[in-house]
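> Can you look at this prediction? I've put the sequence above it.
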Amino acid sequence: MSGPRVAVVGHVEWLDFAVVDHLPRAGEIVTAREHVAVAAGGGAVAAIQLLRLAGAADFFTVVGDDLLGERSAAELRERGLTLHAVTRQVPQRRAFTHVDGNAERTITVLGDRLVPHADDPLPWDLLAQVDGVYFTGADGAAARAARRARALVATGRAPEALIAGGVVPDVLVASERDEKEVAGVEAFEAALGANSPAPGGGPSGPRYTIFTRGGEGGHWHGTDGSSGTWEAVRPPSAPVDAYGCGDSFAAALAYGLGAGLGIERTIALAARCGAWCVTGRGPYGHQLTRAELADDELGLSARPRR
């Protein structure tokens, strides 16, 4: 049976990461045991996770007009994504990550986030046919295009486009350990409160707001008064690299809600995706795949049709 159609609207970064025994102290020089360079960032990592769950995924993004931008686009296509990308006349956004002996990652970002706009020549009408979209950034009009999907999941890291577009996602997700993401959720809630009641009689807030706590699980609450917690899933092998775990988790939220799994089954799937990701080197080393899951876990047994 075919799965839900899924997509990501957001950003890609060219990532260099070095595996070190410990983060360098001030003035210290450390030698990396391993170095990897790859097209990554929250949007790209989520898109590849969705591809591995659904078998196909569309990615709406922007790349720079330099060699790293070309390499980013080429690599994502080689990995199997259906890439809808425009080129900006700016350098490709980059990031540098240390991964220490405890598998924790520390990220330094170089350059502004490059995100698509509604006036970019991209097939925005396609999003009306999509079941689940994960949104990491765009302009307000592009956020409205993403809202046409059956289910929209957005990161708390970039609430500006949602606010500008008057868009309320089905899920707003943030790491409780990331001050910027928590502040983004608070900014979005404040903007909704300032505009209450919701324009056009729409929802007063995201159906669900989800806060993750890494290896401690997380908690969620809904506008209908529902709430819950979950425990982290035990990784299938020893942790290797935490980069991309949160992005893989968020991607699975878009998949699960798009497949009609319901919030608890969706979070269970997302927790597995996060746990699997931590056991591989780099964001794509061991993401959970469709072949590792049963039909009922993927929503293929009784997925409601449009």
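Arrived safely, thanks for sending.
> what sits against residue 93?
For residue 93, the contact set (CB atoms under 8 Å, 6 or more residues apart in numbering) comprises 11, 12, 13, 14, 41, 64, 109, 110, 111, 112, 113, 114. Glycine gets a C-beta too; all of them are placed from N, C-alpha and C.
> err, residue 51, not the other one
Contacts of residue 51 (CB under 8 Å, 6+ apart): 57, 79, 80, 81.
> Residue 33 too?
Residue 33 neighbours (CB under 8 Å, 6+ apart): 19, 20, 21.
> what about 7 Å?
19, 20 (CB atoms under 7 Å, 6 or more residues apart in numbering).
> Neighbours of residue 268, how many?
The local packing of residue 268 (other CB atoms under 10 Å) involves 16 other residues.
> Not counting its neighbours along the chain, what's nearest it?
residue 230 (7.2 Å; CB to CB, 6 or more residues apart in numbering).
> which residues touch the one you found?
Neighbouring residues of residue 230 by CB under 7 Å, 6+ apart: 217, 218, 267, 271.
> partner residues bridging it?
Beta bridges link residue 230 to residue 218, judged by DSSP bridges.
> mind checking pLDDT for it?
You'll see residue 230 listed with a pLDDT of 97.
> Same check on the one 5 residues further on?
At residue 235, the predicted lDDT confidence score is 95.
> Would you mind confirming that it is in contact with residue 278?
Yes. Residue 235 is within contact range of residue 278, at 5.4 Å (criterion: CB atoms under 7 Å).
> and those two? which has more neighbours close in?
Using other CB under 10 Å, the more surrounded residue of residue 235 and residue 278 is residue 278, with 27 against 19.
> Ignoring the adjacent residues along the chain, who's closest to the more buried one?
Among residues not flanking residue 278 along the chain, residue 239 sits closest, at 4.7 Å (CB to CB, 6+ apart).
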